[in-house]
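> Next come a sequence and a model predicted from it.
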Amino acid sequence: MTSADANQPHAGTAATGLEEGSGQRQIQGVAIVTTSPTVTSRPAKVTGSAASSLRPALAFLRLEILRVVRNRRYLLLTIGFPLFFYLMYTRILPASGLGWIDGMPWSAYFMIGMGVFGSVGASFSVGGQRLSAERASGWTRQLRITPLSPAAYVLAKVATALIVTLPALLVIALAGVAADGVTLAPGSWLTVVVLLWVGSLPIAALGLALGLLLDADTAQPGVTATYIGLAFLGGLFQPAQSMPSALQQLAHALPLFHLADLGWRAAAGRSLDPDDLLILLGYAIVLFATVAWLYRRDTSQEHG
């Protein structure tokens, strides 16, 4: 993974494109246009139609998507690494294949694991190190004085993570078909992709939590360790049932195993395990609550 992005927005122009109305206030000597001349930390409530109130959120969402997909780190983490590992473990090192696992060939099993691996990379490309760099540059501080509400900010980040996750899932699925002839019923393909896509919601929250928790100096090693550690310990590179007993129990406690298990069960035509859904839901609730707390803490520290 590389250092913080060189294309982070400049703090002095952060509000550009998201602001409407008139009035000025001074932030560290820089004039910032807001929708209200009040001296509060956020502008007054935006009035007008629902469409007008959504405009800042949609503008920010579009900006986020463009920034992510134009970044080489996104291509590397989301498509490059998963595709490389998939081809290496199924084509270059065929001896590493384990035959049939849970009612499907190793190529299909590993394809789903690498799809989840790519979804983690996509989520961490939106949060993680990028978000830490945005905080350090003052970009998030400037966004707080625009009409973009905190809820809209978080929702736009999560929506961006989900949107940029989809290409990772599709590329790995195409690689499975083209390189190894993985075959599933049309309905099974759709079910696998949808489950992995929607189920990555807590991973998107984890990426945001890391970006709000870590500073610019610790973000890169912290995000990398989390990314690789969760993947290996969660059974994406090796079936959990082949691990030692202690590591099996650890894998079953991690979100990536349960996310991948949704795909594995759907691909094999087995019924979903309610435990997978409940554990992922629990992770989502805890992680989004953590994101809300970290965001409020970040705001209070800036105003303190």
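Cool, the structure landed. Remember, it's a predicted structure, so these values are computed and weren't measured experimentally.

> switch to C-alpha atoms for all contacts and neighbour counts from now on
Will do.

> Where do the helices of the stretch 101-250 of the chain begin and end?
Secondary structure of the stretch 101-250 of the chain (DSSP state H, counting those that start in this stretch): helices located at 106-126, 128-137, 139-143, 150-180, 186-199, 201-213, 219-233, 245-251.

> In a markdown table: those, plus mean pLDDT, mean neighbour count and distance to A284.
What follows is these, written out as a markdown table (pLDDT from 0 to 100; neighbours: other Cα atoms under 10 Å; distance: least, Cα to Cα, whole Å):
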| stretch | mean pLDDT | mean neighbour count | distance to A284 |
| --- | --- | --- | --- |
| helix 106-126 | 93 | 29 | 13 |
| helix 128-137 | 88 | 24 | 16 |
| helix 139-143 | 86 | 20 | 23 |
| helix 150-180 | 93 | 19 | 12 |
| helix 186-199 | 95 | 17 | 9 |
| helix 201-213 | 95 | 26 | 4 |
| helix 219-233 | 94 | 18 | 16 |
| helix 245-251 | 95 | 15 | 17 |
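
> Quick check: which of the ones you listed is nearest to R296?
Of all the helices of the stretch 101-250 of the chain, it is helix 150-180 that lies closest to R296, at 9.2 Å by Cα to Cα.

> Determine the angle, from 0 to 180 degrees, between the closest one and helix 186-199.
Per axes from the mean of the first three to the mean of the last three Cα atoms, to 10 degrees, the angle that helix 150-180 makes with helix 186-199 is 140 degrees.

> ok now helix 150-180, how far from the chain's centre?
In terms of Cα atoms, centre = their mean, to the nearest Å, the centre of helix 150-180 is found 8 Å from the chain centre.

> closest to V291 out of the helices of the stretch 101-250 of the chain?
Across the helices of the stretch 101-250 of the chain, V291 has its closest neighbour in helix 201-213 (5.1 Å, Cα to Cα).

> Alpha carbons of the closest one, in CSV - could you do that?
Provided in CSV are the C-alpha atoms of helix 201-213 (Å, rounded to 0.1, in the frame of the first residue of the first chain):
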residue,chain,number,x,y,z
LEU,A,201,-22.0,-3.0,4.7
PRO,A,202,-20.2,-3.7,8.0
ILE,A,203,-16.9,-3.7,6.1
ALA,A,204,-17.7,-0.2,4.8
ALA,A,205,-18.3,0.9,8.4
LEU,A,206,-15.0,-0.7,9.5
GLY,A,207,-13.2,1.3,6.8
LEU,A,208,-14.7,4.5,8.1
ALA,A,209,-14.0,3.6,11.7
LEU,A,210,-10.3,3.1,10.9
GLY,A,211,-10.1,6.3,9.0
LEU,A,212,-11.6,8.3,11.9
LEU,A,213,-9.6,6.4,14.6
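
> Remind me what that helix packs against, helices and strands.
Contact here means 3 or more Cα pairs under 8 Å, 6 or more residues apart in numbering; DSSP states H and E; on that basis helix 201-213 packs against helix 106-126, helix 128-137, helix 150-180, helix 219-233, helix 274-303.

> how about JSON lines for these, with distance to L208 added?
Shown next, in JSON lines, are the helices and strands packed on helix 201-213 (distance: least, Cα to Cα, whole Å):
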{"stretch": "helix 106-126", "distance to L208": "8"}
{"stretch": "helix 128-137", "distance to L208": "6"}
{"stretch": "helix 150-180", "distance to L208": "8"}
{"stretch": "helix 219-233", "distance to L208": "11"}
{"stretch": "helix 274-303", "distance to L208": "7"}
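
> Of all those helices, which one comes closest to R55?
Nearest of the helices and strands packed on helix 201-213 to R55, taken as Cα to Cα: helix 150-180 at 10.6 Å.

> Let me know the angle separating that closest one from helix 201-213.
Using the same axes, to 10 degrees: helix 150-180 against helix 201-213 is 120 degrees.

> Check the gap between P82 and I172 for me.
Noted for P82: a distance of 7 Å to I172, by Cα to Cα, to the nearest Å.

> what sits in contact with each of the two?
By Cα atoms under 8 Å, 6 or more residues apart in numbering, P82 and I172 have these common neighbours: 114-115.

> between the helices of the stretch 101-250 of the chain, which one is nearest to W293?
Nearest to W293 among the helices of the stretch 101-250 of the chain is helix 201-213 (9.4 Å), distances taken as Cα to Cα.

> Tell me which residues are up against the closest one.
Identification of contacts with helix 201-213 by Cα under 8 Å, 6+ apart yields 119-120, 123-132, 135, 157-158, 161-162, 219, 223, 255, 280-281, 283-285, 287-288, 290-291, 294-295, 298.

> thinking again about what came up before, any idea which of the helices of the stretch 101-250 of the chain gets closest to R62?
helix 150-180 (8.5 Å).

> which helices and strands sit right next to that closest one?
Partner elements for helix 150-180 (3+ Cα pairs under 8 Å, 6+ apart): helix 50-69, helix 81-87, helix 106-126, helix 186-199, helix 201-213.
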